[in-house]
Every structure is written in structure tokens, then in C-alpha cells.
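In: Got a sequence here, can you build the structure:
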Amino acid sequence: MLSGVADGDVGPRAACGPEVLEARRQAIAAGDWRTLRQSHGGGVVVLAADEPCCGREGDALVSTMPGAPLAVFAADCALVGLASPQGMVAAVHVGWRSLLAGVLEACATAMGALGATGIEAVVGACIGPECYEFGESDLEGLEARYGTSLRSRNARGALALDLRAGVHRALEAASVRVSAEDGRCSACEPGLFSWRARGELGRHALVVTGAR
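Out: Prediction:
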């Protein structure tokens, strides 16, 4: 499930006190949330069903069986949930750097090594190309990996990145099927936090629980 502005800032640096933060999180998904110190890289952390995790570095969390919620946070980056029929689940934070680092492919590989097959993805909202001006040199690196469909123009005609297209290309490369998607742009559509558009420090969350 994807939280939004109406749920309050649920990120690791929320300005509210710890009691308020915990209440916000529990209203979204009950349980001891497992989170990462997101580093905009390709790191994957694999956990047992209810193994605790808070503060380990990485951008993807995998649980070998459904248990306590897995959560990743963003304010423009894409958030992706993965699940397999064998009961394995994952939550992935995908900014352009982690996309380039191959975090989605690495996550799917880690799930496959544990026996997952038929992995499906839920893709959350992220910044759209109409709001995401981007540099040529960084875009060239992404295009070299995922092709020219990532190249776009923003609302002013400047060079832009289509992050969502990159997520889809990465999932295709990992043989992961997208089963559901939130197509909103976090920068220009209501209900989500945006760092690039409004300088907001708040974070919404994608929370993956799976079914026991």
C-alpha cells in the first residue's frame, strides 16, 4: 500500500515525535515496520519472516516469507513492491541512481536465488517526465542501460528523465510482470510529497506485508 500526504510524514526524519510517527505508521499497516537507510544504490537486504531491520544500508528489502511490514520511502523516487507465489515479498526504493545501479534486477535475482518464480510488481507513484528536468550526461548513462525510451521533455521543453519508463525497462529485464500501477506524478498531482517541486522534507511510504 502507498501512503500519502493525508497520512502525514511517515519517513525516518519526520519532524513529529516518535509516538506520533508510530501512530501514523500503525494506521497504515500494523506491525513492527522494517526499514532501510536508503542510499540510492543497488544494495539488497534479505530478511527472514519477522527478522527486524532498521538502519541497515540498502535500497531493497526482501523477506523470505510474509511477516512484519517492509517499508521504503520517497518524495519523488519510484517505490516498487514485489511478490511471488512462493510467499516472498520485497519493497524497493528506485531513484535514478538506484535504477542505474540495477537495484530492481538485483532484488529479483535475490528473490530468485531463494526460490521465487513468477514475480509480480506493484509500481507506486513517482515524479513524471513533465516535471523532471535532467542532465545530458546522467541521462546518457541510463540510456546505455535501458534505451532511449527514458529520454523525454518536461513541460518547458527541457531535457527530462522518464523514471517510470526506466522502472518498466528494468522490470522487463528481470522478467517481472507489472500487475498494478499508480500513475500519478508526485510533483504536479495532489496527495504526495515532492522534494523537487516543493522542497518538501516529508516522505510517503510503500508498505509491503504479503499474506501469511
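
In: Can you list the strands that the lowest-mean-pLDDT helix or strand in the chain pairs with?
Out: Across the helices and strands of the chain, mean confidence by mean pLDDT, DSSP states H and E is lowest for strand 54-57: a mean of 90. Applying DSSP bridges, strand 54-57 is found paired with strand 35-37 (parallel).

In: Same question for the partner strand: list its buried residues.
Out: By 16 or more other Cβ atoms under 10 Å, the buried positions in strand 35-37 come out as 35, 36. To be clear about C-beta, it is placed using only N, CA and C from the backbone, and glycine gets the same treatment.

In: go on, stretch 34-54?
Out: 34-36, 38, 40-47, 53.

In: ok, which pair from those is furthest apart?
Out: Greatest spacing in those, by Cβ to Cβ: 40 and 47 (20.7 Å).

In: that older thread, which helices and strands sit right next to the following helix or strand past the least confident helix or strand of the chain?
Out: Per DSSP states H and E, the first helix or strand lying C-terminal to strand 54-57 is strand 60-63. Applying 3 or more Cβ pairs under 8 Å, 6 or more residues apart in numbering; DSSP states H and E, one finds that strand 60-63 contacts strand 35-37, strand 44-47, strand 70-74, strand 89-94, helix 103-113.

In: now with 10 Å?
Out: strand 35-37, strand 44-47, strand 70-74, strand 78-83, strand 89-94, helix 103-113, strand 204-208 (3 or more Cβ pairs under 10 Å, 6 or more residues apart in numbering; DSSP states H and E).
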